[in-house]
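everything below, folded, please.
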Amino acid sequence: MLTRFLVVSLSFCTSLQAGQYIVELMPIGKNRAAATADAEVSLTRRGAKVIERTHATVNALITEIEDADLYAVSTHPTVKRVYPVVTYQPAADVIETTQAIAQAWDQVGGRDRAGAGIKIGIIDTGVDATHPGLAADGLEAPAGYPRVDNAKNRRFTTGKVIVARSYERFNGKGFGVDANDNYGHGTGTAMIAGGVRHEAPEGVISGVAPRAFIGNYKVIGDDASGNSAGILKAIDDAVADGMDVINLSLGSAYAPRPEDDVLVQALERAIDQGVIVVVAAGNAGPGLNSISSPGTTPRAITVGAHTTGNTGNTGNTGNTVAWFSGRGPNLGAGLKPDVMAVGDQFYTAYTTQRVGSNGYKTMAGTSLAAPVVAGMAAMLKAQRPGLTVTQYRSLLINSATALPFKVIESGAGKLDALQALSATLTATPASLKLTDTSATVTLESIAGNAGICTITVEAKGGAPALSATQFVGDGAFTLHLEAPATAGEGYLGVSCEGAAQKLRIPYWRPEAAREADSITTLELPRSAPRGATIDFGLRVVDNQGLVVAGAVPSINAQGGTVTKAGWSSTVPGLYQVQVRVQSDVTLQVRSGAATQEASVRAL
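Coordinates of the predicted model:
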């Protein structure tokens, strides 16, 4: 029997969109449209105003509900869950050298063939279709395209940008009135994933997959804000529109448990339908346990950021995890982040619609690392069609180059485009979170007999015991392993006679949560007006990144007053705090031996 419940959070969490809710309906039989229509009529009678519907991923209604009617709607027999709508924010040709993209172009027959025929959905701030980096360059929209949500958005489509949808109906007046990018972020991510080679003020730049098509789904407005209702609808539309790859360079550091996150559920169902999903890990680092939603989606490819090596910092060679990059471990199943890509000092396209913009900007963030991987996924699928999402995911993750950081900080390591194109072995799962005493991983050769394969362990700490150290790579082989008795992490390495490259599977084995080691700060603004009240979160973790249960932090706010504090009911281990700003605020937070200091400048 399915349980119906309302997902709630603390009332002072400013990331909620007042009065808006996503109402997930109970599983429906074959006649989904009729049953959904009946449910909509019933819920309208109970006070719900339906704004929009989703069907391709989560069967849900996006609604406005008064507080007085919320209980009546949430307890209706057709309702599975009710999710408050939550606000989200958007999270240089260096990719050619740091990710071996140039060599990958050679492998596929040249840059002008990279990503041919593949559709990349950019769920972001919109796309400036007039930007020279997104020129059609001879491309013509395939049959059935362009697709738009209304006639006014058709002018934002080309032979390259084949979808233009906008979700202003879920947002306030500052969002904008069409699918054009007046903010800049989405144009940059679209350029990185699939932009064409062209001359920019600081040199020639190109996206990873220049022959890919772009789908524009504007969910973040001109005011840099958006919400989960619009993002859910965009995911649903992208699946229905036939996008092969979806990129989400956005997130909320207040990540619920994956099973309670409607965006995670929608993305998992998109993956079930053959879509490769790439999500930014978020910019809530450097503290552990800081992966943003929906980067917590277990089967998505969650991308962290490494440095470029071009910032002039001593010793910075491009093998450093960027300080802002969200760190693991993941809240639920799966080990996060999955893989790293360049996301620091990134020169890319920017909207031409903003006053004073020359159409280009140098930026930093996991928002920029994610489309590198999305573009590579498009190149990979175009070059090696017919594989499953699971196989593409493994090829991208398990061919990466290890970085000298913890697995929960850097995942499998740095994306290597050439190795991903050449790899012939895949692993399911692509990484191992060894919270049980044993686990299995299925290794598969996708290019015939790979000969004799040898399995080794590159351990940092405890190493798992393998049931076999050798197998014949002529199909699928299930490897059983016993988790180490003590905490540890590292990589399982698989080398085969008939494969030039080594497959590497990251693993992580934690122990039970220990004493407080550090405090991760989430959503703390850098500045705020005097007299304003700021909201932020704290998470007390041990040296493995695990939440220390019941560890209440003490907070000293010099220059401000703590007005409210308490545990979140939906975000694991999150202690939410409100501070009224009187002057420049210096925060001193302590829990056991763990301390954290931060500051907020008064405006």
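
list the residues that contact the residue nearest the centre of the chain.
What sits nearest the mean C-alpha location of the chain, by Cα atoms, centre = their mean, is residue 279, with 2.2 Å. By Cβ atoms under 8 Å, 6 or more residues apart in numbering, residue 279 lies in contact with 247, 248, 251, 267, 294, 295, 297, 300, 301, 302, 303, 370. From N, CA and C alone the C-beta is placed, and that goes for glycine too.

low-scoring stretches of the stretch 451-600 of the chain, by residue?
For the stretch 451-600 of the chain, no stretch is flagged by pLDDT under 70.

hey, where'd the strands end up in it?
452-461, 465-466, 470-472, 476-482, 488-496, 503-509, 518-522, 527-528, 533-541, 554-567, 575-591, 594-602 (DSSP state E, counting those that start in this stretch).

deepest of these, which one?
Mean neighbour count (mean count of other Cβ atoms under 10 Å) peaks for strand 503-509 among those, with a mean of 26.

quick check: bridge partners of residue 247?
Note on residue 247: beta-bridge partners residue 122, residue 278, judged by DSSP bridges.

contacts only, for it.
Contacts of residue 247 by Cβ under 8 Å, 6+ apart are 120, 121, 122, 123, 124, 189, 193, 278, 279, 370, 371, 374.

which of those residues has the most neighbours?
Using other Cβ atoms under 10 Å as the neighbour criterion, residue 371 leads the contacts of residue 247 with 38 neighbours.

could you verify that that residue is part of a helix?
Yes. Looking at residue 371 with DSSP: H, G, I helix; E, B strand; the rest coil, it is inside a helix.

element containing residue 50, please.
strand 48-54 (DSSP states H and E).

pull the next helix or strand after that strand out as PDB, backbone CA atoms only.
Per DSSP H and E, the first helix or strand lying C-terminal to strand 48-54 is strand 60-65. Once non-C-alpha atoms are left out, strand 60-65 reads as follows in PDB (Å, rounded to 0.1, in the frame of the first residue of the first chain):
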ATOM      1  CA  ALA A  60       2.000  15.500 -11.400                       C
ATOM      2  CA  LEU A  61       0.000  18.700 -11.200                       C
ATOM      3  CA  ILE A  62       1.800  22.100 -10.600                       C
ATOM      4  CA  THR A  63      -0.600  24.100  -8.400                       C
ATOM      5  CA  GLU A  64      -1.300  27.100  -6.300                       C
ATOM      6  CA  ILE A  65      -3.000  26.100  -3.000                       C
END
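
name the residues that touch strand 60-65?
In contact with strand 60-65 (Cβ under 8 Å, 6+ apart) are residues 19-25, 36, 39-40, 43, 47-54, 73, 85, 170, 229, 232-233, 262.

mean confidence score for that strand?
For strand 60-65, the mean per-residue pLDDT is 92.

if you count neighbours, what's buried in the helix or strand following that strand?
Remark: after strand 60-65, the chain's next helix or strand is helix 67-74, criterion DSSP H and E. Going by neighbour count (16 or more other Cβ atoms under 10 Å), the buried part of helix 67-74 is 69, 70, 73, 74.

so which helix or strand of the chain has the lowest pLDDT on average?
Across the helices and strands of the chain, the lowest-confidence element by mean pLDDT, DSSP states H and E is strand 5-6, at a mean of 36.

on contacts alone, who are the packing partners of the following helix or strand past it?
Where DSSP H and E defines the elements, the next helix or strand beyond strand 5-6 is strand 16-25. Strand 16-25 sits against helix 32-45, strand 48-54, strand 60-65, helix 67-74, strand 79-90, helix 228-240, with contacts defined as 3 or more Cβ pairs under 8 Å, 6 or more residues apart in numbering; DSSP states H and E.

now do the buried residues in the longest one.
It refers to helix 32-45. Judged by neighbour count (16+ other Cβ under 10 Å), helix 32-45 contains these buried residues: 35, 36, 39, 40, 43.

using the three-state scheme, assign the closest residue to residue 322 other than its chain neighbours.
Nearest non-adjacent residue to residue 322, counting by Cβ to Cβ, 6 or more residues apart in numbering: residue 305, 4.1 Å away. Per three-state DSSP, the secondary structure class of residue 305 is strand.

report the contact partners of residue 305.
281, 321-322, 324-325, 340-344, 364-366, 368-369.
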